[in-house]
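# Just a sequence and a predicted model for now, questions to come.
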Amino acid sequence: MDFLYSGNSALGPLFALCAIVGGALFVIRMLLQFLGLAGDVNVPDASDVLNGDVHSAEVDAGFKWLSLQGLTAFFTLFGLVGLAMDAGDMNEFSSLIAALVAGCLAVWSIEKLFKMMAGLQSSGNVNIQNAVGKEGTVYLSISPSERGKVEINIQNRLRVLDAMTENGSAIATGETVRVLKVFDSSVLVVERVTPKTADTML
């Protein structure tokens with residue numbers, strides 16, 4: 001492996017090899033990404049989306065220390081920092097420790113970056129649980145035997161969601177309802193909001 005390194009350190013060829021491997025993995029990763037073949041992120045379940053749990057699902061699937069991203073970051077920084085320390089006439093032990101620390105810090109930094117990106121991506125998802133306690137308007141009438149639909153504002157977004165009543169009563173289109181709870185992760189359980197009369201307001 002002398003063709004990889006021209007210095008005198010015994011660890012020099014190792015550092016050079018790791019830098020080359022890391023760079024090669026980076027190029028491969030970029031090519032796969034460009035060709036649309038880097039599909040290592042799982043598609044989250046629909047219930048996870050509705051419950052706002054996309055964050056954890058995507059981070060767990062999108063980044064692992066033994067993934068191509070993690071190996072790329074580790075080998076690249078391990079090799080480059082090791083070569084830099086070696087070129088600065090550092091002893092082999094110090095160069096090795098510095099290279100290991102740099103590699104681990106690189107992987108840790110990329111993991112945090114993935115989590116940050118996943119957080120930004122999932123921040124736009126609507127958590128249906130935030131509808132509890134809010135009032136909306138019946139968009140499609142709710143009957144005792146069939147679910148209807150309710151138009152309601154959740155997280156500053158106007159949404160039309162499936163709805164049912166807890167006691168099986170019918171609610172006509174246009175009536176105001178209040179959300180009591182969420183059933184089966186996607187259906188709003190609502191009750192009719194009785195309009196306040198003039199006597200009640202006085």
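Looks like it came in fine.
# from here on, contacts and neighbour counts on C-alpha atoms
Noted.
# low-confidence ranges in the chain?
1-9, 33, 36-68, 117-125, 196-202 (pLDDT under 70).
# All the helices of it, residue numbers only.
Ranges of helices within the chain are 12-35, 46-50, 54-62, 68-87, 92-122, 198-201, based on DSSP state H.
# Out of those, which is closest to residue 165?
Nearest to residue 165, of all these, is helix 46-50, at 20.0 Å by Cα to Cα.
# Domain ranges for this structure, per the record?
2-122, 128-193 (automatic domain parsing).
# excluding its backbone neighbours, what's nearest residue 151?
residue 160 (4.4 Å; Cα to Cα, 6 or more residues apart in numbering).
# Look up how far residue 107 lies from the one you found.
42 Å (Cα to Cα, to the nearest Å).
# who's more crowded, these two?
Set residue 160 next to residue 107 and count neighbours by other Cα atoms under 10 Å: residue 107 wins out with 23 against 18.
# The more buried one is in contact with residue 70, isn't it?
Yes - contact criterion Cα atoms under 8 Å: residue 107 and residue 70 qualify, at 5.4 Å.
# what about residue 127, distance to residue 134?
Distance from residue 127 to residue 134, by Cα to Cα: 13 Å.
# okay, these two: which has more neighbours?
residue 127 (18 against 14).
# Can you pull the phi/psi pair for that one?
The phi/psi pair for residue 127 (degrees, to the nearest 10) reads phi -90, psi 110.
# Tell me how far it lies from residue 154.
From residue 127 over to residue 154 the distance is 8 Å, taken as Cα to Cα.
# closest to residue 191 out of the helices of the chain?
Of the helices of the chain, the one closest to residue 191 (Cα to Cα) turns out to be helix 198-201, at 19.7 Å.
# and residue 21, what is it in contact with?
Applying Cα atoms under 8 Å, 6 or more residues apart in numbering, we find residue 21 in contact with 72, 75-76.
# hmm, try it at 10 Å
15, 27, 71-72, 75-76, 79 (Cα atoms under 10 Å, 6 or more residues apart in numbering).
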